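A.B. asks: Build me a model:
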Amino acid sequence: MRDFKANSSGSYRTGKRRVKANRKKNQKKPLELRKILHRALRVAVVGFSGALVVVGLGLLLQLLVASDLFRIDRVSISGEQRLSQEKILALSDIQPGISTFALDLELIGRKIEENPWVRSARVERIFPRQVNIVVEERKPLAIINLGYLYYLDQSGEVFKVLGRKDSLDYPVVTGFDRDELLKDPQRGCSVLGQVVGLIADLAKRESFNLSQVSEIHQEKNGGLTLFTLTGGVKVKLGDDQLAKKLDRLERIYAQLKPRLELLDYIDLNVDNRIIVRIDRQRNSAAG
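C.D. replies: Numbering: from 1, shown residues only. The predicted model follows:
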């Protein structure tokens, strides 16, 4: 057995000496001051050069903006029909000689579109001195009575109150309430879209076409009714299969046309039939 002797502190130690681990001494590298200074100098030179380039480009840009090379001297306008080029130019508010860089193209387009006849306006910058304005005008399809008379366009949008100089040579749409259209615009858009589709269909027909119609009326139940230009005869269409119903009417319209003055209404709501009611008061007056 090994002989362990207690030391004065009451602990035991081995017969072998403890060997302390060798510690590596950290060797400090000498500072390469010259390289650091060179690197800092290069960074400063590059940064200063970049700043000079940015400032130079800014000054150059300012000179270009202020120069006469980019001052507008021509505004080209296309797509106009009702509005004159002078009117559109006035709406754009583009001043002669203004710098092309000072133009807000979106704002100019919105200004032109404030005119009710303009559906859309596209404004393009053509360097160095030209601006192109392309307008799309609305085309009236009918006149709708909403308390005041408005034009209705081909997309079913109500867009302009009629003035004294506006043409009345369009079919009249009645039976719609302005407040109801504003309250439920989705339904209003759907119904007016149906009216637009009906007008487009009538415009393509031969015997009974748009020239034979004076008014398109929406009934309280939502169905549509036409009134003939001759005799003001009511033609009941309802709210579905309008094209098929007009097909049936066209087959016999040549026979009915001479008698329109004596008719009260024509009902197309019964499948495969046409119901014609004679106005007895007119008939007796004629007799």
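A.B. asks: where do the strands sit along this protein?
C.D. replies: 74-78, 118-126, 130-137, 140-145, 149-153, 158-161, 172-174, 213-218, 224-228, 234-238, 263-267, 275-278 (DSSP state E).
A.B. asks: CSV for these, including distance to residue 181?
C.D. replies: The way it works is simple: take the backbone N, C-alpha and C, and place the C-beta from them, glycine included. Below are these laid out as CSV (distance: least, C-beta to C-beta, whole Å):
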stretch, distance to residue 181
strand 74-78, 33
strand 118-126, 19
strand 130-137, 23
strand 140-145, 9
strand 149-153, 11
strand 158-161, 8
strand 172-174, 12
strand 213-218, 11
strand 224-228, 16
strand 234-238, 21
strand 263-267, 27
strand 275-278, 32
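A.B. asks: okay, the ones you listed in JSON lines with mean pLDDT and mean neighbour count next?
C.D. replies: Listed next are the strands of the chain as JSON lines, based on pLDDT from 0 to 100; neighbours: other C-beta atoms under 10 Å:
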{"stretch": "strand 74-78", "mean pLDDT": "96", "mean neighbour count": "14"}
{"stretch": "strand 118-126", "mean pLDDT": "96", "mean neighbour count": "17"}
{"stretch": "strand 130-137", "mean pLDDT": "97", "mean neighbour count": "18"}
{"stretch": "strand 140-145", "mean pLDDT": "96", "mean neighbour count": "20"}
{"stretch": "strand 149-153", "mean pLDDT": "97", "mean neighbour count": "21"}
{"stretch": "strand 158-161", "mean pLDDT": "95", "mean neighbour count": "16"}
{"stretch": "strand 172-174", "mean pLDDT": "97", "mean neighbour count": "19"}
{"stretch": "strand 213-218", "mean pLDDT": "96", "mean neighbour count": "18"}
{"stretch": "strand 224-228", "mean pLDDT": "96", "mean neighbour count": "21"}
{"stretch": "strand 234-238", "mean pLDDT": "96", "mean neighbour count": "19"}
{"stretch": "strand 263-267", "mean pLDDT": "95", "mean neighbour count": "18"}
{"stretch": "strand 275-278", "mean pLDDT": "91", "mean neighbour count": "12"}
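A.B. asks: Go through those and name the closest to residue 36.
C.D. replies: strand 118-126 (51.4 Å; C-beta to C-beta).
A.B. asks: List the contacts of residue 147.
C.D. replies: Contacts for residue 147 (C-beta atoms under 8 Å, 6 or more residues apart in numbering) come out as residue 178.
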